[in-house]
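> Task: produce atomic coordinates for the following.
(one chain, ligands or ions: 1)
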Amino acid sequence: MAWHCNGITNQEMVEKLKNAGIIGSDKAEEAMLRIDRGKYCHEVDPYLDRPRKIGYNVTISAPHMHAYALTMMTEQLSRRGAHALDVGSGSGYLTSCMAHMVGPGGLVVGLEHIPELVERSRKNVEQDRPDLVRDGRIKFVVGDGRLGYEADGPYDAIHVGAAADTLPQTLVNQLAPGGRLLCPVVAVQGFQRYQDFVQVDKNQDGSITTKNLMQVMYVPLTDAKAQLGENN
Ligand SMILES: C[S@@+](CC[C@H](N)C(=O)[O-])C[C@H]1O[C@@H](n2cnc3c(N)ncnc32)[C@H](O)[C@@H]1O
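Numbering: from 1, shown residues only. Next comes the predicted model:
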């Protein structure tokens, strides 16, 4: 599926993702048209549908995963004054798409543990959509995503861009009733190790409903030293 969605331009990439049925809502489509991936991915051919290096041993995720996640969070991000959290915000691309979707009264927090990436993501947004910064609906914070960011919660939507060993209960706790969490989670079956993209919905009574959406491949949600190979 992914290789069909390569684009020469942002618009071509989005059109192909829509035609392939991966973008499934008008709001997700509009966000991906209005946020230029080329301003967040500084490699040649930024509109290829695959993960690309952004330094610090990590990647900006593939456009089809962003398209899918934005589609699955459309209802939650469209609520008036929605609050959302993007854990492992990396380049800031998805955080910006989410900020476009929540509108001027909402707030999206990008939480990332590599300070240099946070600095770069701020610059990326400034160059692409300074209005998102000016009206205060986007902010980037340095911190361990496994702890979430309680200060601006509870959240209508939480996206995790790196794979957790187990479902992070702290993040589930920071979901508002009616909120949705999307998180890659490691699964083990016999000798096989893979990742499920897990959707967690918090019901109005506080109980949760989980669903495995598909198998995925993300970098690990880990500590900064391990990611940078500084543990030895
Ligand atoms: C696949 S990248 C996704 C980045 C972002 N969604 C994008 O597309 O640019 C995963 C990100 O998670 C970050 N990360 C990994 N473990 C983390 C942790 N414990 N806390 C915060 N960020 C973390 C990495 O530094 C990396 O930027």
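
> Give me the mean pLDDT for the lengthiest strand in the chain.
Longest strand in the chain, counting residues (DSSP state E): strand 175-189. What strand 175-189 shows for mean pLDDT is 97.

> for the helix or strand following it, packing partners?
Tracing the chain past strand 175-189, the next element assigned as helix or strand by DSSP states H and E is strand 192-202. On a contact count with 3 or more C-beta pairs under 8 Å, 6 or more residues apart in numbering; DSSP states H and E, strand 192-202 meets strand 175-189, strand 208-216. No exception for glycine: its C-beta is placed from N, CA and C like everyone else's.

> For the biggest helix by length in the chain, list every residue counted as buried.
Secondary structure of the chain per DSSP state H: the longest helix is helix 115-128. Neighbour counts using 16 or more other C-beta atoms under 10 Å place 117-118, 120-122, 124-125, 128 of helix 115-128 among the buried residues.

> Equivalent analysis for stretch 168-180, please.
Buried-residue list, stretch 168-180, by 16+ other C-beta under 10 Å: 168, 171-172, 174-176, 179-180.

> ditto for stretch 50-57
Neighbour-count burial for stretch 50-57 flags 51-52, 54, 56 (criterion: 16+ other C-beta under 10 Å).

> show me where this protein has strands.
So, for the chain - with DSSP E - the strands run 52-55, 58-60, 83-87, 107-112, 138-142, 155-160, 175-189, 192-202, 208-216.

> Of those, give the one that comes closest to the ligand.
Taking C-beta to the nearest ligand atom, strand 58-60 is the member of the strands of the chain nearest to the ligand, at 3.8 Å.

> Do that closest one and the ligand come into contact?
Yes: contact of strand 58-60 with the ligand (C-beta under 6 Å from any ligand atom) involves 58-60.

> how about low-confidence regions in this structure?
Counting by pLDDT under 70, the chain shows low-confidence ranges at 1-3, 232.

> For it, what lies in contact range of the ligand?
Within reach of the ligand by C-beta under 6 Å from any ligand atom, the chain has these residues: 56, 58-61, 87-91, 93-94, 111-114, 117, 144-146, 161-162, 218-219, 221-222, 227.

> Which ChimeraX command selects the buried ones in the residues of strand 58-60 next to the ligand?
Applied in ChimeraX, the following selects the buried portion of the residues of strand 58-60 next to the ligand according to 16+ other C-beta under 10 Å:
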select :58,59,60
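
> Let's have the residues of strand 58-60 next to the ligand in JSON lines, adding distance to Leu132.
As requested, the residues of strand 58-60 next to the ligand are arranged in JSON lines below (distance: C-beta to C-beta, whole Å):
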{"residue": "Val58", "distance to Leu132": "23"}
{"residue": "Thr59", "distance to Leu132": "23"}
{"residue": "Ile60", "distance to Leu132": "18"}
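
> just the helices and strands packed on strand 192-202: most buried one?
Among those, ranked by average contacts under mean count of other C-beta atoms under 10 Å, first place goes to strand 175-189 (a mean of 19).

> Return the list of helices and strands in contact with that strand.
Under the contact criterion of 3+ C-beta pairs under 8 Å, 6+ apart, strand 175-189 touches helix 63-72, helix 74-77, strand 155-160, helix 169-173, strand 192-202.

> got a list of contacts for the last one?
The list of residues contacting strand 192-202 from outside it, by C-beta atoms under 8 Å, 6 or more residues apart in numbering, reads 72, 163, 167, 172, 175-187, 208-218.

> how big is the angle separating that strand from helix 63-72?
Going by axes from the mean of the first three to the mean of the last three C-alpha atoms, to 10 degrees, strand 192-202 is angled at 30 degrees with respect to helix 63-72.

> Just want the angle from strand 192-202 to strand 155-160.
Going by the same axes, to 10 degrees, strand 192-202 makes 170 degrees with strand 155-160.
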